[in-house]
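**Student:** Build the 3D model from these lines:
(one chain, ligands or ions: 1)
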Amino acid sequence: MLRIACFDGLPGPTHSHAGLSPGNVAASTHAGQAGNPKAAALESLAKMRVIRGLGVPQAVLPPQPRPDVGTLRRLGFSGSDPEVIAGAARTAGGRTLRLASSASAMWTANAATVAPSCDTPDGRVHLTVANLASNFHRSLEVPTTFAVLRALFADPDHFVVHPPLPASELWSDEGAANHIRLSTARGVAHLFCWGKSHHEAAPSPARHPARQTLEASRALARLHGLGEDTAVFPQQDPLGIDAGAFHTDVLAFGHERFLMLHERAFVEVEKVIDDLRARLGGELVVALARDAEVPLPEAVATYLFNSELCVLAGGRMVLVAPRQAERCESTRRFLDRLVAEPTPVDRVEWVDLEASMKNGGGPACLRLPVPLTDAERTAVRGRVFLDDALERELGAWVEKHYRDHLSLDDLADPALHAEGLVALDELTALLKLGSVYDFQKSGLPG
Ligand code: SUG
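**Tutor:** Numbers count the residues shown, from 1 in each chain. Down below sits the predicted model:
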């Protein structure tokens with residue numbers, strides 16, 4: 001049976017609020033605030049526990065070593081690791097170090113795009129690592145994400161992990177956050193959503209940058225062997241991007257027969273919905289929020305449409321929604337209506353994700369959804385699927401290694417970097433991942 005397995009990224013020991021992503025309103029608003037990496041990681045583990053409690057296979061992906069000293073060396077900083085960090089801290093008012101220190105790999109909805117084996121021509125699961133070329137701090141994630149996904153999805157009988165698209169503006173790709181797969185008895189639709197095109201005329205946002213290109217989305221469909229019969233390419237509404245919806249999953253999500261979206265998710269949203277109804281038939285349920293019902297700024301601020309949709313045994317659904325959407329009247333009423341009406345969604349569970357939300361990441365941003373059959377799930381290497389024991393061990397690991405207060409000035413503390421390496425080395429042993437980090441190949445610095 002095909003089921004979505006959720007691969008959540010654990011916030012790393014340098015989780016901070018540096019305001020690194022232009023157009024990410026939440027991240028810009030909280031720029032400069034001190035972070036609490038321990039609370040962030042524990043919050044994220046608590047969310048994974050909720051998802052696992054709903055019977056969804058829940059796995060964890062490890063954080064990445066930060067500050068990224070290897071990249072700083074490539075930028076000309078030299079000497080011992082502490083000297084490299086001190087050099088970066090003195091440059092550009094500390095911005096270079098902040099960029100190299102982001103724990104942004106936690107938002108694994110941007111790690112890769114995935115096609116299930118039932119849709120691909122060779123009957124294997126295809127994953128393409130996202131190049132994250134739109135933001136420097138996010139582009140740093142790519143080599144390690146590739147190494148981790150290759151380690152987990154190593155079985156060639158079941159999986160193909162494609163390298164990222166070439167890292168340039170033309171092929172800018174942000175992964176599953178811009179991809180939705182819908183399916184009914186009538187058919188399957190893969191929505192490869194995008195915000196800008198280099199080769200085709202398309203309306204552009206006026207204030208904030210679009211990230212995903214149409215060209216990248218087309219390349220992903222090609223790589224995964226998805227032709228015109230299943231692949232569709234809706235454009236993100238520039239007004240949505242200008243309001244802070246830098247990824248599609250800030251205003252739309254869907255799975256199987258259910259699609260929930262704000263009217264500013266896509267250009268010509270009615271046409272997009274009509275096309276999907278034509279492909280998928282009357283079984284498709286669309287919950288569309290008009291601006292009059294959920295004003296766009298409230299949709300973005302609450303991350304209502306970034307709720308995590310979980311399918312229970314038997315096919316009914318539960319929405320795991322950010323607490324912010326409960327506190328806001330328009331979004332709470334919308335969800336009340338959703339549950340009361342004949343949709344597949346039976347109920348809503350609320351989760352507190354303050355630390356992630358402050359950087360513009362809701363519940364669904366924190367997980368890479370990977371549709372797997374039972375045999376494929378068994379073929380995933382490592383010890384990454386949560387059970388009671390792993391949950392306990394991860395909690396203890398966070399308590400042992402994470403700080404509960406981190407100012408941006410603290411990023412220059414060489415002890416923070418050293419603590420991180422020791423913690424990650426221990427974590428890869430716990431998760432039975434092997435040596436996925438560069439420092440594990442060259443050894444821990446003395
Ligand atoms: O790429 N924030 C991330 C948030 C990603 C959310 N993901 C999805 N919507 N799927 C981003 O903008 C901010 C980091 C900082 O400012 O310190 C950041 O990278």
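**Student:** Show me where the stretch 301-446 of the chain dips below the pLDDT cut-off.
**Tutor:** 444, 446 (pLDDT under 70).
**Student:** mind checking pLDDT for whichever residue of the stretch 201-350 of the chain sits closest to the ligand?
**Tutor:** Closest to the ligand within the stretch 201-350 of the chain is His247: 3.8 Å, counting by C-beta to the nearest ligand atom. Just so you know, the C-beta spots here come from the backbone N, C-alpha and C atoms, and that holds for glycine as well. At His247, the pLDDT value in this model is 98.
**Student:** I'd like the mean pLDDT over the helix or strand that Lys271 is a member of, please.
**Tutor:** Take DSSP states H and E as the rule and Lys271 turns out to sit in helix 269-280. Mean pLDDT, computed over helix 269-280, is 98.
**Student:** which secondary structure elements does it contact?
**Tutor:** strand 179-183, strand 188-192, strand 231-232, strand 258-262, strand 285-289 (3 or more C-beta pairs under 8 Å, 6 or more residues apart in numbering; DSSP states H and E).
**Student:** low-confidence ranges in the stretch 151-300 of the chain?
**Tutor:** Across the stretch 151-300 of the chain, nothing is flagged by pLDDT under 70.
**Student:** How about the residues of it by the ligand?
**Tutor:** For the stretch 151-300 of the chain, the residues in contact with the ligand (C-beta under 6 Å from any ligand atom) are 177, 247, 249-250.
**Student:** 8 Å instead, please
**Tutor:** Contacts of the stretch 151-300 of the chain with the ligand, taken as C-beta under 8 Å from any ligand atom, map to 174-177, 246-247, 249-250.
**Student:** Show the model's pLDDT score for the residue nearest the centre of the chain.
**Tutor:** Using C-alpha atoms, centre = their mean, the residue of the chain that lies closest to the mean C-alpha position is Ala109, 1.9 Å off. We have a pLDDT of 98 for Ala109.
**Student:** who are the neighbours in contact with it?
**Tutor:** By C-beta atoms under 8 Å, 6 or more residues apart in numbering, the contact list for Ala109 reads 175-177, 247, 249, 364-369.
**Student:** do Leu335 as well
**Tutor:** By C-beta under 8 Å, 6+ apart, the residues touching Leu335 are 304, 319, 321, 325, 348.
**Student:** Nearest to Arg392 among those?
**Tutor:** Arg392 lies nearest to Ala321 out of the contacts of Leu335, by C-beta to C-beta, at 26.5 Å.
**Student:** you'd agree that closest one is in a strand?
**Tutor:** Yes. With DSSP: H, G, I helix; E, B strand; the rest coil as the criterion, Ala321 is located in a strand.
**Student:** Show the contacting residues for the residue lying closest to it once chain neighbours are set aside.
**Tutor:** Nearest residue to Ala321, sequence neighbours excluded (C-beta to C-beta, 6 or more residues apart in numbering): Ser307, at 4.0 Å. When contacts are counted by C-beta under 8 Å, 6+ apart, Ser307 touches 253, 260, 319-322, 325, 348, 362-364.
**Student:** Kindly supply the ChimeraX command isolating those of the residues you listed that are buried.
**Tutor:** Buried subset of the contacts of Ser307, written as a ChimeraX selection, criterion 16 or more other C-beta atoms under 10 Å:
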select :253,260,319,320,321,322,325,348,362,363,364
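**Student:** a markdown table please, covering the contacts of Ser307 and showing distance to Ser356.
**Tutor:** Output for the contacts of Ser307, formatted as a markdown table (distance: C-beta to C-beta, whole Å):
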| residue | distance to Ser356 |
| --- | --- |
| Phe253 | 16 |
| Met260 | 20 |
| Leu319 | 17 |
| Val320 | 13 |
| Ala321 | 14 |
| Pro322 | 9 |
| Ala325 | 14 |
| Val348 | 18 |
| Gly362 | 7 |
| Pro363 | 8 |
| Ala364 | 11 |
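**Student:** what's the most distant pair in the contacts of Leu335?
**Tutor:** Leu304 and Val348 (10.2 Å).
**Student:** Please enumerate the shared neighbours of the two.
**Tutor:** Counting by C-beta under 8 Å, 6+ apart, the common neighbours of Leu304 and Val348 are 321, 335.
**Student:** how about the contacts of Ala109 in JSON lines, adding secondary structure?
**Tutor:** Output for these, formatted as JSON lines (three-state DSSP):
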{"residue": "Gly175", "secondary structure": "helix"}
{"residue": "Ala176", "secondary structure": "helix"}
{"residue": "Ala177", "secondary structure": "helix"}
{"residue": "His247", "secondary structure": "coil"}
{"residue": "Asp249", "secondary structure": "helix"}
{"residue": "Ala364", "secondary structure": "helix"}
{"residue": "Cys365", "secondary structure": "helix"}
{"residue": "Leu366", "secondary structure": "helix"}
{"residue": "Arg367", "secondary structure": "strand"}
{"residue": "Leu368", "secondary structure": "strand"}
{"residue": "Pro369", "secondary structure": "strand"}
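**Student:** Could you dump the residues you listed into JSON lines and include distance to His162?
**Tutor:** Below are the contacts of Ala109 laid out as JSON lines (distance: C-beta to C-beta, whole Å):
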{"residue": "Gly175", "distance to His162": "12"}
{"residue": "Ala176", "distance to His162": "14"}
{"residue": "Ala177", "distance to His162": "17"}
{"residue": "His247", "distance to His162": "20"}
{"residue": "Asp249", "distance to His162": "21"}
{"residue": "Ala364", "distance to His162": "23"}
{"residue": "Cys365", "distance to His162": "22"}
{"residue": "Leu366", "distance to His162": "23"}
{"residue": "Arg367", "distance to His162": "20"}
{"residue": "Leu368", "distance to His162": "14"}
{"residue": "Pro369", "distance to His162": "17"}
